[in-house]
Structure formats: C-alpha cells, structure tokens
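Undergrad: With the input below, show me the fold.
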Amino acid sequence: MLITISGTPGSGKTTVARLLSQRLGLPHIYAGDLYRREAERRGLSLTDFNRLCAMDHSIDRQLDELMIAHLRHGRAIVEGRLAAFFARQLGIDSFKVYLTASESVRARRVQQREGGNAEETLRANEARQQADRDRYRQIYGFDLEDTSPYDLIYCTDDATPEEIATLIIAAAHIRFAPRGGPVSRS
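TA: Numbers count the residues shown, from 1 in each chain. Alright, predicted model coming up:
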C-alpha cells in the first residue's frame, strides 16, 4: 500500500502521516526531512538553502528523484507537496490525500509547533508556499493548487489526527481492495 500525503502548512500532514506509518507498519518518507538534511549537509540555513534552490533547480530535481525512488518502491507513506503529482505522472498506484485547514486553525497549529507569533509564522509559511508554487510550476509544470491528482481532500479543522488517520486507512483499504473481494480493516 502506498499513500501520499500533501497539503497546506499547519493542516496536520506530518502528524497524520506518522500515525498512518505506525498503524500500517509502513515507513514514513518525508520530503521536508530530505530537504532539511540536504541544507544541513551543505551548511546552509533553510532560508539560504531556499534561495539557492530557487536559483539552482538541479537541487530540487536531485531531491525529488529520491522521493520518486520511494514512490516506485511502494509500500510507504510518502509526505510531500509533489508526491501525488509524481505518482500520477509516473502511473504509480497510490492513494493520494490532500489535507487542508482554515487559516485560523493553521495559524494556531503553527504557533503551537514553532512558537512565536502565529500570524507572522503563517505569513512566512504562505510566502514559502508561494515560492514553492512558482518554482514547481517552472521546473515541472505542476500547479500546487490543482487538486485533481487527489483521491481524498479533507479539511482537518474539526477532526483529531487519530480520526483523520482512521478515515484515510478505511478509504485506502477500499481503494486497494481486490475487485469484488472483501475489504479488510485495520
């Protein structure tokens, strides 16, 4: 079973992806970790690394190839903005999930996670998301606001991460059930 998780900053992607990984016994591959490790390897802050990536698209391509290798291997929870787009483009069988939340909920979650002023942090996340939108459109022609690749789009405002993970697991089991066969439950 291969599940991709994408969405807006503060929507609960990482929390839900970790729960899915634990419940399904699948590795959690997080594109953000790959990105941060590469910045660290180069001795750069994330801000400086973002600037470098904006000028040198070969870095994105290299990191994205690592994510694509995990997608091709299957049997994982792959979290990243481009995971669903690559899976669709490459014809990889996966259940693609997009999580979102209202601006106020996202601001509160980001503030709880990172501290500081919620509005400033959310604005910084939005600026990064816009820069990523522009970059991925330029590099790959992907529109991050296009939700057509997704099998499930879910607003996380009024549900716990546990409830969301349960919903995704149930939907993924239905999606991957053999045609005409019984649906197994976790």
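
Undergrad: Buried by neighbour count: which residues of the longest helix seen in the chain qualify?
TA: For the chain, the helix with the greatest residue count under DSSP state H is helix 118-140. For helix 118-140, the neighbour count (16 or more other C-beta atoms under 10 Å) marks A118, T121, L122, A124, N125, D132, R135, Y136, Y140 as buried. Where C-beta positions appear, they are placed from N, C-alpha and C, glycine not excepted.

Undergrad: Correct me if wrong: the third one contacts A107.
TA: Yes: counting by C-beta atoms under 8 Å, L122 does reach A107; the two are 4.3 Å apart.

Undergrad: So what pairs up with A76 in the strands?
TA: L2 (DSSP bridges).

Undergrad: Actually, G7.
TA: G7 forms beta bridges with L99, as assigned by DSSP bridges.

Undergrad: pLDDT at it, what is it?
TA: At G7, the pLDDT value in this model is 92.

Undergrad: Return the residues in contact with it.
TA: Counting by C-beta atoms under 8 Å, 6 or more residues apart in numbering, G7 touches K13, V97, Y98, L99, T100.

Undergrad: State the number of residues packed around D64.
TA: Counted with other C-beta atoms under 10 Å, the neighbours of D64 add up to 21.

Undergrad: what about it, distance to G80?
TA: 8 Å (C-beta to C-beta, to the nearest Å).

Undergrad: do the same with E38
TA: 14 Å.

Undergrad: cool, and S58?
TA: For S58, the distance to G80 equals 18 Å [C-beta to C-beta].

Undergrad: Looking at these two, which one has more neighbours?
TA: Shown here are S58 and G80; by other C-beta under 10 Å, G80 has more neighbours (25 against 9).

Undergrad: what are the phi and psi angles of that one?
TA: Dihedral pair for G80: phi 180, psi 150, per degrees, to the nearest 10.

Undergrad: In space, what's closest to it - neighbours in sequence excluded?
TA: Of all residues not flanking G80 in the chain, A31 sits nearest, at 2.9 Å (C-beta to C-beta, 6 or more residues apart in numbering).

Undergrad: How about R108?
TA: A118 (6.0 Å).

Undergrad: go on, R18?
TA: Leaving aside its chain neighbours, R18 sits nearest to H28 (5.8 Å; criterion: C-beta to C-beta, 6+ apart).

Undergrad: where are the low-confidence patches of the protein?
TA: Along the chain, the parts satisfying pLDDT under 70 run over 180-186.

Undergrad: Which stretches in it count as helices?
TA: 13-24, 31-41, 46-55, 57-73, 83-90, 103-114, 118-140, 161-176.
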